[in-house]
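Visitor: sequence plus the predicted model coming up.
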Amino acid sequence: MIVRLCVSVLLLSQSALLLVNGEGTKVDDDGVYNFREDDLFDKTIESQAVIGVMFHDPHLSSSELVLHEYRLSMKQLKEEGVDIAFGIVDVSNSNTRGLLRRFAIFGLPTFLIFHAGTPYQFHSNFTRIGITETLREHAQPDWEPEVKANVVIELTPDNFDGFIQSRRSVMVMFYAPWCNHCKQLEPAYFDTASMMQANKPPVPFGRVDGSKYEAITTRFNVTGFPTLYLFRSGKELLYEGARSPGTISHFIRTRIAPPSTKLKTMSGAAKKFGNIARDAVLLGFFATGKEPELPLFHDLADAFRDDIKAAYMVGEGAMAIGKDEFGITGERYAVVMLKDQRLPIAPGKPKFSVFDGDVLDIDAGRQFVTDHHRSLINFATQQNWMTRFAGTRPLVVVLTDIDFKATQLVQHEMNQLAEVAIKFPDISYAIGDPENLANLIADLGLADNDEDTIACFLSDSSVRYPLPGLFTAESMIEHLEKHARGELKPYMKSQKEPSHNPGPIRTLVASSFERLTDSSKDVLVLFMSHVSTDCQKFEAVLKKVHKQLAADSVLFFRYDGDMNDLPPGAKNVSVRPTLVMWKAGVDRSEAPVAYDGKRRIDRILEFVKKNAATLQDTTERDEL
């Protein structure tokens, strides 16, 4: 599934498929319908009884995997003969951005289903199964929209504690009435609340006006709006994902599922333990089930649920299996951390580790799992990348075709990588499938590498050094040795520099940053996202500032932080939009001066005149 996204719109029915672009209409080999203009969108929507539309940005990695699932769903429904149309809107095209505002879309990807031109939210997971089942249901002649009840409870100091204790799991949004981001999130939050009412068990949703009830926001360290927390048994878990019903509901479902599996019989245990060698697994053995360590075991399984699987047994038979299989010596309980048996183990390291003698508390348990769950090389997947590898540096990542259900995996590539790992033991190593990790390929600078096995080295500071050509132990060892000698050039993700780049606010990309930010002039840069209406409003204000300032010595730029790596001096710019200034004469690799005032022309002008080195003499003369 190396996904090379096309900027396209799918329109499927039992008839032939068309491709539409800004120049006209034609049929392509794949039957792909491409929305690039608002008026073409309206004409198509109006002509279809039912059409599912995915709003997609080909530059966002989160859209890539969903697009792949969407295509699989399209193929299945076409084979079934379901009479429903499909579409994809490329919102990176300026001619379609008005659709984002019209349908209040503030997170991508987003999926809407139109019935005779009326949009309805997509209430399922962004998987082939979820998309297929939902669209099949909408295609039924007797489909009717659900009548929404008041699914989100308004919370106050009087009912807050009772609400989070009313069920094992509840969802809470902290918001402020004046907050535009909160208003943008509200439709998705209410739609997710409707979805989770049908969950088994249902998950109640509530919201708190954090600007009014500051005691509650302070209690849970809420520092901005909106903030989403999933409360499980009264303990809060911060949600930091995309703001769409599909992603929020997926987060909730995965977090409320039991973190560990109870094995009831000895035969079942033998079968389970035989199969789990394919994953890193935390195993628990308990003599009676009343041991105080059992709840701690569940907490450990929950804390590491994105990295490992967990299973446990209770009874005398459980302790006997533990002794026979793993040599446990504890009489009351034992915890075993079993490494993935398909992966090579570091020389001198055991395949499993046992904790059964000391007192088990949560801190000791966390340290035990952290120290013993990883192998010399570890599998990287879409599901565990953020928790296991996103913060692990230095890191070598190898991508090759993997069948994760197989017992023996890519033994040749594994042996090659193990050879590198033994020579460079201070580096972490991950191996993954390029289809499963399609969103990483471009980010790692590997999009143009057509070899079967490709690799990239990420340094301590997360600078990427893609390996040219085919991965072998020899080529990677040479690559790492060159890095140690300072001979490698890092990769930077960059848009193509526009051939026509007029003012008043010019476009900066990663590859043109050093050349265009003339050090003899003051440089004002708006770090933004091309899909954010908030950024577009800020840019409109900045154009007026440029007109009033009328100073050629101050350069104005926009920089899309979603589509380009941030320049060295702006690595800490994490919020879009953010306005910064590099003064004339200051090295562009140094941190700029950030503007944190209101988005008013007079305030921004004041900031520029105060900080622009080229305007200081003029300002002083004006004051005289």
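Guide: All right, it came through fine.

Visitor: helix or strand right after the helix or strand of the chain with the lowest mean pLDDT?
Guide: Within the chain, no helix or strand scores below strand 24-26, which has a mean of 32 by mean pLDDT, DSSP states H and E. Using DSSP states H and E, the helix or strand that directly follows strand 24-26 along the chain is helix 38-47.

Visitor: what is the mean pLDDT for that following helix?
Guide: In this model, helix 38-47 has a mean pLDDT of 72.

Visitor: other SSEs contacting that helix?
Guide: Helix 38-47 is packed against strand 50-56, strand 85-90, helix 97-102, with contacts defined by 3 or more C-beta pairs under 8 Å, 6 or more residues apart in numbering; DSSP states H and E. Bear in mind the C-beta positions are built from the backbone N, C-alpha and C, glycine included.

Visitor: kindly recompute the last result at 10 Å.
Guide: Contacts defined by 3 or more C-beta pairs under 10 Å, 6 or more residues apart in numbering; DSSP states H and E place helix 38-47 against strand 19-21, strand 50-56, strand 85-90, helix 97-102, strand 110-115.

Visitor: pairing partners for the second one, with directions?
Guide: For strand 50-56, sheet partners with direction are given as strand 85-90 (parallel), strand 110-115 (antiparallel), following DSSP bridges.

Visitor: show me how far it is from its chain's centre.
Guide: Relative to its chain's centre, strand 50-56 lies at 21 Å (C-alpha atoms, centre = their mean, to the nearest Å).

Visitor: go through the helix or strand following that strand and flag the buried ones.
Guide: Using DSSP H and E, the helix or strand that follows strand 50-56 in sequence is helix 61-80. Applying a neighbour-count criterion of 16 or more other C-beta atoms under 10 Å, one finds 61-74, 76-78 buried in helix 61-80.

Visitor: over to stretch 89-98?
Guide: For stretch 89-98, by 16+ other C-beta under 10 Å, it's 89, 90, 91, 92, 93, 96, 97.

Visitor: what helix or strand does the fourth one sit in?
Guide: Right, the one you point to is residue 92. Taking DSSP H and E as the definition, one finds residue 92 inside no helix or strand.

Visitor: which phi and psi does it have?
Guide: Here is the backbone geometry of residue 92 (degrees, to the nearest 10): phi -80, psi -10.

Visitor: and if you look at the third one?
Guide: With angles defined as degrees, to the nearest 10, residue 91 shows backbone torsions of phi -80, psi 0.

Visitor: quick one: pLDDT of it?
Guide: pLDDT, read off for residue 91, is 78.

Visitor: cool, the last one as well?
Guide: For residue 97, the model assigns a pLDDT of 67.

Visitor: distance check, residue 594 against residue 570.
Guide: 9 Å (C-beta to C-beta, to the nearest Å).

Visitor: neighbour count: those two, which is higher?
Guide: Shown here are residue 594 and residue 570; by other C-beta atoms under 10 Å, residue 570 has more neighbours (22 against 15).

Visitor: per-residue pLDDT, the more buried one?
Guide: Looking at residue 570, the pLDDT reads 89.

Visitor: show the contacting residues for it.
Guide: By C-beta atoms under 10 Å, 6 or more residues apart in numbering, the contact set of residue 570 is 513, 525, 527, 559, 561, 578, 580, 582, 588-589, 591-592, 594.

Visitor: right, so of the strands paired with strand 50-56, which gets closest to residue 551?
Guide: Shortest distance between residue 551 and the strands paired with strand 50-56, using C-beta to C-beta, is found for strand 85-90: 37.4 Å.
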